[in-house]
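1. how would this look folded up:
(2 chains)
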Amino acid sequence: MLISLSWLKKYADLPDSITPEEIAEKLKMSTVEVEKIENKAKDLENIAVGKIIKVEKHPNADKLKVCEVDVSNEKITVVCGGSNLSEGMLVALAKIGANVRWHGEGDLIELQPTKIRGVESRGMICSSIEIGLGEMFPPKEEKEILDLSFLRKDKNSFIGLPLAKALNLDDAILEIDNKSLSHRPDLWGHYGIAREVAVLFEKKLVPYAAPKIIKGKDIKLEIKVEDQKLCPRYMAVAISGVKIVESPDWLKKSLISVGMRPINNIVDITNYVMLDLGQPMHAFDAKKLIDGGRLKIIVRRAKDEEVLKMIDGNEHKIYSSMLVIADENKPLALAGVMGGKNSEVNETTETVVFESANFDASVIRKTSVKLGLRTDASMRFEKSLDPNLCETALRRAVELALDLCPGAKVASAVEDVSDFILPVGPIKIPLDVFGKKIGVEIPAKIIIDILQRLGFEVKTNKDILSVKIPTWRATKDISVAEDLVEEVLRIYGYHRAPSQSPFFSIIPPEISGIGKLEREIKNTLVGRLNFTEAYNYSFVSLRDIEEIEDEVEKYIELDSPLSKDRPFVRRNLVINLLGNLKKNIEYCDEIRLFETGKTYLMEEPGARTSAKDDELLPRQDTWLTLVYASKKDKMPFTQARKALETIDDCLGCDFEISAEPSPKKWQHPERAAVVKKDGEEIGCVYEINPLTGEKFGLEVRIGVLELNLNKLSEKGIKAKTYSTISEYPEAVRDIAFIVKKEISHAEIFSAISGNVHLLKEIKLFDVYEGEKIGQGYKSMAYRFVFGDISKTLTAGEVDEARNKASRILEETFGAEVRR
Amino acid sequence: MESKFKKLKEEAIMALKAVKDKIDLESLENKILGRKSGELTDLMKELKDMNAEAKKAVGQIANEVKKEIESALEQKKRELSESDWQKSLAKEKIDITAPSLPPFERGHFHPNTIVQRDLEDLFSSMGFLILDGPELESEYYNFTAVNIPVDHPARDSQDSFYIKNHPNWLMRTQTSSVQVRAMQKYGAPLRMISPGKCFRNEATDVRHEHTFYQLEGVVIDENINFGHMKGVLEIVAKHLYGKDTEVRLRPKFYPFVEPGVNGEVTCFLCKGKGCRLCKETGWLEILGAGMIHPNVLREGDVDSKKYQGFAFGFGLTRLAMLKYGIDDIRLLESGDIRFLKQF
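-> Model (predicted):
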């Protein structure tokens, strides 16, 4: 929203010594966000209207001219390349010190005296785009300078006048961020901002004068409001004898200054009142409403799929969720959003009906969203306007109409259908509440003064304030004591509340098990295994789900996402990590990536939707998933497993790994294992099925580890314990043997463990398959550590134990032990 | 006798001068001092046949000569050793400009993780709980519980990812959804932060991303006031950007707080003078905060007569982008290793 400073000054008694920057700063610190200050007078400093008195060819350049320009008190020589220069022309002359943008591009540059091809130039004849007036005076071609000769029509001599003054641009315009106004329906017009500014600078606010309307009798106006919840107030009055013409200069200038295009006197009046008070208005052409001598206005819900052509020329299908203004036959306007073409005011209009109404904020917002029609009116109505404004606005509009149209008169009574009660309080608030909430005592006198200047009525009873809310703040903005604390504090100044250190009990916070686990696992992966952490979306595409051959029907789906490429909510982290691999594999020989994040499972129960409701959200466990791929590694399972072992060893997880067939089609059928802890499945380690990889366009083999951190954290992690170091030496024996390929390490390990006396540790250290061994066989080598806590073993004891192990291998597995 | 010693000394010194390497030196040493037939050794042997008086006089000279020869030999030895080393060190020349090989590899945390952990550590040290909450959340916790009315624009489906066939479920739009869950679970007093993933249904470009990270914080206790909020936010700001950093609070409307503020900190790049990063204002907007609205406390079953509190939210994604000068928000969720390995 644009706010004109000179408009503001009509209502707030602000001296000229207060700069627009100061006003903007105070508003920013206490009320709303001011995005920028358009201050043309400042931008156009040192630029004056000049008259070209002589144009000569530049002695050393074909395309340049040397001009002499009269700026009243001096004559200035300027070298210029403009295409439309002529003697007698009025131009914008930038003097030394002016800020211009060369050819409308780049940064502003301060003009300096210079020599151009040997000729001294002490200024610049500007094109509109070089001085920020391109929108006002669009140049027809590149080298065209701004021709101000139209100014001569006026009697005054403009020569030498500052340009801003000559063009009536000496107003400062504040651009206010609409979003920062969403909770303040009272600030959507100049009077509201003036009220605020008057409070901030402790200046007087001029009361808003809107004389009572003296009713007419010529026309009988009938108003019927079908649903008063949706239209708490509807006021209308007919004015006859109007002549539709252009508005006077002051009115046009006011509208233009805040970016509103003038149309005609009646429409301009409605717009002006809206910009003045924040109350949108509408004017109907009465003759298009009159039906058999009756002039009846009905406020009703639209019929479904009714069609209404708007004043912007577009036809819209409208629905029963929307509100229309209609006569008995047809809709005339979309209430609170835009008027209809069929009742528009035009040059043939002689009688108008002014509408000043109040509509339900939520209906207006939904209508405007649904039709994609955001108008100045809808923007204001959806903030919940004060219904009392209707009357002030209507009075002001009628006053202006009678003023601007000499033959006009009020032709009807002022119809007013209203049903509203505003919750104006009073709010009771003990004075000490302010100090308690803010942290510093503000004297009662100041508190009361601030509230009163903002329009609150304050009564004091001992130490309790009874505060009545002004109607313009009562629609939704102010309702509880905390709201009053904010009012006082923001005017008093947030910077004046001293910062303090709160005192807390020294009870240390409970540590989240899963948070700690996640952190330690990440540290292990990044610090020890050189993995890199990726973040991915929680969403996946249909194509990706199909490519890994997962069950699409199990996926939770988003409702109308804006980016339609990933409409499903992920059930695993693998899909997006495979996408990452694909993106990176081109320029990496080896990739180690991981992510931690939530998955969303509809079929499993999660948190409650509210404390009072038994409905449960989908389960959302945090998973760790890592992928490893190397162009040189044909069996990346090993690296995935190594990551699992490293995590196990660093954190002390005691994982169990079991080979169980997986229903997941994207897993390699022979290179996949389930990870368990205390018998419960908490993850898996596998290679991606090369067929799936191919579908993803990945030729490389990929190892994957997935761990459910919620489940792992629930199981808890065992603290590491110390075991006594034997004083006696241990004996180490390596046993290598050949067995059938299908015999697994797990089988061998469990056959030996616990069955060999004195055996303290057994560790696989080599596996070999190849020609030397023979097909269907493999060679395995284990290191056996024997020891006794109480004595040194004799060679005989060690040999006996070793032989026992060998015997087990031979008898149980048919192993051929190498001696 | 005496002259014999002196002569031996002179000869030895002369011979030493001619010595070129360790082998010559060794044989010379042997020739003079050798235990069996060294020249000096032999001369010394002659001493024992002399009378006591002469023995004493000559013996003294003999010892001096011996010492001098020994020290001359020692010095020569050192000279030779030094020049030997110099020669061999010269051969050990390497290319010190070459990086260590094989190339150094390390893992990398995501920049958001780095920023998040930094704040988690700070808040933990001040006794804050670190909490997590559902990302697929109910409308109740995401909106209703935090005082966002039913017809508030934030609830529009075009701004949020609602879930198909579950009109009251959505991907949470803010970590504020954890506020009431935390109050219900832990009650008052409460000090907690909750970092996490948030979602808005919007098209992505250099500055917009439908997935981003926030860090929510809540402090509830008896007698908590606006000044305390300011104090805590200043601690965070100084932690992030140095001890001279100031915090500026301005009014901002959020339905779940009253009064609500928008928090800016002194621009760390220009120290408040104004630059491109802070759009010439000298301030960087990095947080929203406010005193918790009594309606929110009520939803969390916290007695708003007894307790009050404040809540705040930082954009973690924004903090990470500011910290590292990341100019395209989409990089954060791109999984692009060329990006990730820079942290």
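2. and chain A, what are its domains?
-> As given by automatic domain parsing, the domain ranges for chain A are A:2-41+A:171-200, A:45-166, A:221-418, A:427-496, A:513-608+A:615-715, A:731-817.
3. Pull the number of nearby residues for the residue of the stretch 151-300 of chain A found nearest chain B.
-> Of all residues in the stretch 151-300 of chain A, A:His183 sits closest to chain B, at 4.2 Å by Cβ to the nearest Cβ. For glycine as for every other residue, the C-beta is placed from the backbone atoms N, C-alpha and C. Counted by other Cβ atoms under 10 Å in any protein chain shown, the residues lying close to A:His183 total 16.
4. mind listing what the closest residue to it other than its chain neighbours touches?
-> Nearest residue to A:His183, sequence neighbours excluded (Cβ to Cβ, 6 or more residues apart in numbering or on different chains): B:Phe253, at 4.2 Å. The contact partners of B:Phe253, by Cβ atoms under 8 Å, 6 or more residues apart in numbering or on different chains, come to A:Ser180, A:Ser182, A:His183, A:Arg184, B:Gly260.
5. which one of the residues you listed sits closest to A:Asp654?
-> Closest to A:Asp654 out of the contacts of B:Phe253 is B:Gly260 (49.8 Å), distances taken as Cβ to Cβ.
6. so what's residue 195 up against?
-> Here I'm looking at chain A. With Cβ under 8 Å, 6+ apart, A:Arg195 has these contacts: A:Tyr11, A:Ala12, A:Asp186, A:Leu205, A:Leu454, A:Gly455.
7. Chain B is the one I meant
-> Applying Cβ under 8 Å, 6+ apart to B:Pro195 gives the contacts B:Gln116, B:Leu119, B:Glu120, B:Ile130, B:Thr175, B:Tyr213, B:Gln214, B:Leu215, B:Glu216, B:Leu316.
8. Quick check, the first one in contact with B:Lys197.
-> No: counting by Cβ atoms under 8 Å, B:Gln116 sits too far from B:Lys197 to count as a contact (10.8 Å).
9. what sits in contact with each of those two?
-> In contact with both B:Gln116 and B:Lys197: B:Tyr213, using Cβ under 8 Å, 6+ apart.
10. returning to what we had before: now flag whichever of the contacts of B:Pro195 is closest to chain A.
-> Using Cβ to the nearest Cβ, the contacts of B:Pro195 come closest to chain A at B:Ile130, 5.4 Å.
11. got a markdown table for the contacts of B:Pro195, with distance to chain A and pLDDT too?
-> Shown next, in a markdown table, are these (distance: Cβ to the nearest Cβ, whole Å; pLDDT from 0 to 100):
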| residue | distance to chain A | pLDDT |
| --- | --- | --- |
| B:Gln116 | 10 | 98 |
| B:Leu119 | 13 | 98 |
| B:Glu120 | 8 | 97 |
| B:Ile130 | 5 | 96 |
| B:Thr175 | 14 | 96 |
| B:Tyr213 | 8 | 97 |
| B:Gln214 | 14 | 97 |
| B:Leu215 | 13 | 98 |
| B:Glu216 | 15 | 97 |
| B:Leu316 | 11 | 96 |
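12. In strands only, show me those.
-> B:Ile130, B:Tyr213, B:Gln214, B:Leu215, B:Glu216 (DSSP state E).
13. Including distance to B:Lys56, pLDDT and secondary structure, could the contacts of B:Phe253 go into CSV?
-> Listed next are the contacts of B:Phe253 as CSV, based on distance: Cβ to Cβ, whole Å; pLDDT from 0 to 100; DSSP: H, G, I helix; E, B strand; the rest coil:
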residue, distance to B:Lys56, pLDDT, secondary structure
A:Ser180, 112, 90, helix
A:Ser182, 116, 89, coil
A:His183, 116, 91, coil
A:Arg184, 118, 94, coil
B:Gly260, 108, 95, strand
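14. In the stretch 401-550 of chain A, which residue sits closest to chain B?
-> Closest point on the stretch 401-550 of chain A to chain B, by Cβ to the nearest Cβ, is A:Gly439, at 2.9 Å.
15. Repeat that for the stretch 1-150 of chain A.
-> Taking Cβ to the nearest Cβ, chain B has its nearest neighbour within the stretch 1-150 of chain A at A:Met29, 5.8 Å off.
16. which element is that residue on?
-> Under the criterion of DSSP states H and E, A:Met29 resides in helix A:20-30.
17. Those residues of the stretch 351-500 of chain A touching chain B, which are they?
-> Proximity of the stretch 351-500 of chain A to chain B is confined to A:361-362, A:365-366, A:369, A:382, A:436-440, A:480, A:482-483, A:485-486, A:489-490, A:494-495, A:497-500 under the rule Cβ under 8 Å from any Cβ of the partner chain.
18. Just the buried residues of those.
-> With burial judged by 16 or more other Cβ atoms under 10 Å in any protein chain shown, the buried subset of these is A:361-362, A:365-366, A:369, A:382, A:436-439, A:482-483, A:485-486, A:489-490, A:494, A:497, A:499-500.
19. wait, what's in contact with B:Phe314?
-> B:Leu119, B:Gln214, B:Leu215, B:Gly217, B:Val236, B:Ile286, B:Leu287 are the contacts of B:Phe314 under Cβ under 8 Å, 6+ apart.
20. just the strands in chain B please.
-> Applying DSSP E to chain B gives strands spanning B:129-130, B:136-138, B:162-163, B:166-171, B:190-199, B:211-221, B:247-251, B:257-266, B:283-292, B:308-315.
21. Count the residues that sit near the residue of chain B found nearest chain A.
-> Closest to chain A within chain B is B:Gly227: 2.9 Å, counting by Cβ to the nearest Cβ. Using other Cβ under 10 Å, B:Gly227 is surrounded by 18 other residues.
22. For it, report the pLDDT, please.
-> Per-residue pLDDT puts B:Gly227 at 96.
23. Was I right to think it contacts A:Ala497?
-> Yes: between B:Gly227 and A:Ala497 there is a contact under Cβ under 8 Å: 5.2 Å.
24. Spit out the residues that contact the two alike.
-> Common neighbours of B:Gly227 and A:Ala497 (Cβ under 8 Å, 6+ apart) are A:Ile438, A:Gly439, A:Val440.
25. Any chance of the backbone angles for the first one?
-> Think A:Ile438. The phi and psi values for A:Ile438, taken as degrees, to the nearest 10, are phi -90, psi -30.
26. Quick check: which element contains the closest residue in space to A:Ser479 that isn't next to it in sequence?
-> In space, and not counting its chain neighbours, A:Ser479 is closest to A:Pro423: 6.4 Å by Cβ to Cβ, 6+ apart. For A:Pro423, there is no host helix or strand (DSSP H and E).
27. pretty sure A:Pro423 is in contact with A:Arg473, am I right?
-> No: if you go by Cβ under 8 Å, A:Pro423 and A:Arg473 don't touch, sitting 10.7 Å apart.
28. Quick one: residues contacting B:Tyr140.
-> Contacts of B:Tyr140 (Cβ under 8 Å, 6+ apart): A:Thr609, A:Ser610, A:Asp613, B:Asn168.
29. Neighbours of residue 307, how many?
-> Went with chain A since none was named. By the criterion of other Cβ under 10 Å, A:Val307 has 11 neighbours.
30. wait, I meant chain B there
-> By the criterion of other Cβ under 10 Å, B:Tyr307 has 20 neighbours.
31. in chain A, what spans have low per-residue confidence?
-> Across chain A, residues meeting the criterion (pLDDT under 70) sit at A:153-156, A:292-293, A:819.
32. Without its sequence neighbours, what residue ends up closest to B:Ser334?
-> A:Lys583 (7.7 Å).
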